[in-house]
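Chemist: Build the 3D model from these lines:
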Amino acid sequence: MKENVTPTPKLDVATDVLPNAWRRAAIVAALIAALALPFVLKSFAVFQLTMAMIYAMAILGLNLLTGFNGQFSLGHSAFFAVGAYTAAIMIESFGIDYYWTLPAAGLICFAFGFLFGLPALRLEGVYLALATFALGIAMPQILKSTPLEPWTGGVQGIQVTKPDAPFDLPLTSDQWLYYVSLAIGLILAVGAANLVNSRSGRAMIAIRDNPIAARAMGVNISLYKTLTFGLSAFYTGVAGALSAVVVSFVAPDSFTFVLSIGLFVGLVVGGVGSIWGALFGGLFVLFVPNFADQISKGLAGAVYGVILLLLIYVMPSGAAGLIRLIARQVAINRR
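Modeler: Next up, the predicted model:
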């Protein structure tokens, strides 16, 4: 008797309940709008959107680790800082073009994350979160230390030269870096989508869901955990390098534990286990604190907390979960 086998469904990268034609149309429309925005917005708004995309890349890296592999990290600001300082030092001390610093920062952070992940194999849950918390707290002090001051600039940081658009393109620096960030963000997002829908991605998710069963199925848990930690650091390091180029400045106090908390909040708000939800998380990390500060400078923290509580109440599965729910309801109504 032939056994019925139900195929394993792919993870939601976009809204699976929408027809393919609608999904493609939505993607094309979003890309056209993204390409047109730098020409209709002011320079500062373009800069803000670029930073939102950079935060989204870092959140995507954190999502690979936490959302898809089940390892908690409260220290991704450290990888962000390593990536930023790698780019700044390569540009200002060695005269290397900024685009070479992005893969270099990613690879250095991959090695850093992989090596940090090795001892972290003995830790799980809150204990791993505590270890990464210690890393995030220590990194700004390490960057300020006297032995590293000739390279990092100590508390003064490093001023980074902002590049102009190449080939005499009629673009400002902010517009050009927006397009660079958009292209890199799309590459990283597509890479993450292909990864989580691959055999390796299913192994990562199996470790998150049931590590005992994953080990019984032959999954090398230690290898996948350390590689995921390294890949997560790679994404965050590339984001940090881009931030150094876009902001044109790096300093230790820009990479405190507050940044780690912001990335974690962006992960939850965007949607844990959602790739495209990282963009909503990046927008939240950048704009909501500024919005709260505009409402009340004295009570900005309270306003931020109220907004966060309301969003969690309205979107318990994050922005990605809410949109999937709406799209599913629309699909049901159409039938």
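Chemist: confidence score at Gly125?
Modeler: You'll see Gly125 listed with a pLDDT of 78.
Chemist: Determine the number of other residues adjacent to the closest residue to it other than its chain neighbours.
Modeler: Among residues not flanking Gly125 along the chain, Phe72 sits closest, at 6.7 Å (Cβ to Cβ, 6 or more residues apart in numbering). Any C-beta I mention is one placed from the backbone N, CA and C, and that applies to glycine too. Neighbour count of Phe72, defined by other Cβ atoms under 10 Å: 19.
Chemist: go on, Leu143?
Modeler: 26.
Chemist: my guess is it contacts Pro252, does it?
Modeler: Yes: Leu143 is in contact with Pro252 according to Cβ atoms under 8 Å; the separation is 4.1 Å.
Chemist: quick one: common contacting residues for those two?
Modeler: With contacts taken as Cβ atoms under 8 Å, 6 or more residues apart in numbering, Leu143 and Pro252 have Ala81, Thr152 as neighbours in common.
Chemist: tell me the contacts of the residue nearest to Gly125?
Modeler: Counting by Cβ under 8 Å, 6+ apart, Phe72 touches Thr66, Gly125, Val126, Leu128, Ala129, Thr132.
Chemist: Give me the buried subset of the residues you listed.
Modeler: Thr66, Leu128, Ala129, Thr132 (16 or more other Cβ atoms under 10 Å).
Chemist: Tabulate the residues you listed (JSON lines), appending distance to Ile312.
Modeler: Listed next are those as JSON lines, based on distance: Cβ to Cβ, whole Å:
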{"residue": "Thr66", "distance to Ile312": "16"}
{"residue": "Leu128", "distance to Ile312": "23"}
{"residue": "Ala129", "distance to Ile312": "19"}
{"residue": "Thr132", "distance to Ile312": "22"}
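Chemist: Filter the residues you listed down to the ones in strands?
Modeler: Judged by DSSP state E, the subset of the buried ones among the contacts of Phe72 located in strands is empty.
Chemist: Identify, from these, the entry nearest to Arg334.
Modeler: Taking Cβ to Cβ as the measure, Arg334 lies nearest Thr66 of those, at 34.8 Å.
Chemist: got the contacts of Phe72 as a markdown table, with distance to Ala206 columns?
Modeler: Output for the contacts of Phe72, formatted as a markdown table (distance: Cβ to Cβ, whole Å):
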| residue | distance to Ala206 |
| --- | --- |
| Thr66 | 16 |
| Gly125 | 18 |
| Val126 | 22 |
| Leu128 | 18 |
| Ala129 | 21 |
| Thr132 | 23 |
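Chemist: sorry, back to before: the residue nearest to Gly125 in helix, strand or coil?
Modeler: Three-state call for Phe72 (DSSP: H, G, I helix; E, B strand; the rest coil): coil.
Chemist: any idea how far Thr228 is from it?
Modeler: Going from Phe72 to Thr228 by Cβ to Cβ, to the nearest Å gives 12 Å.
Chemist: Fine, thanks again, bye for now.
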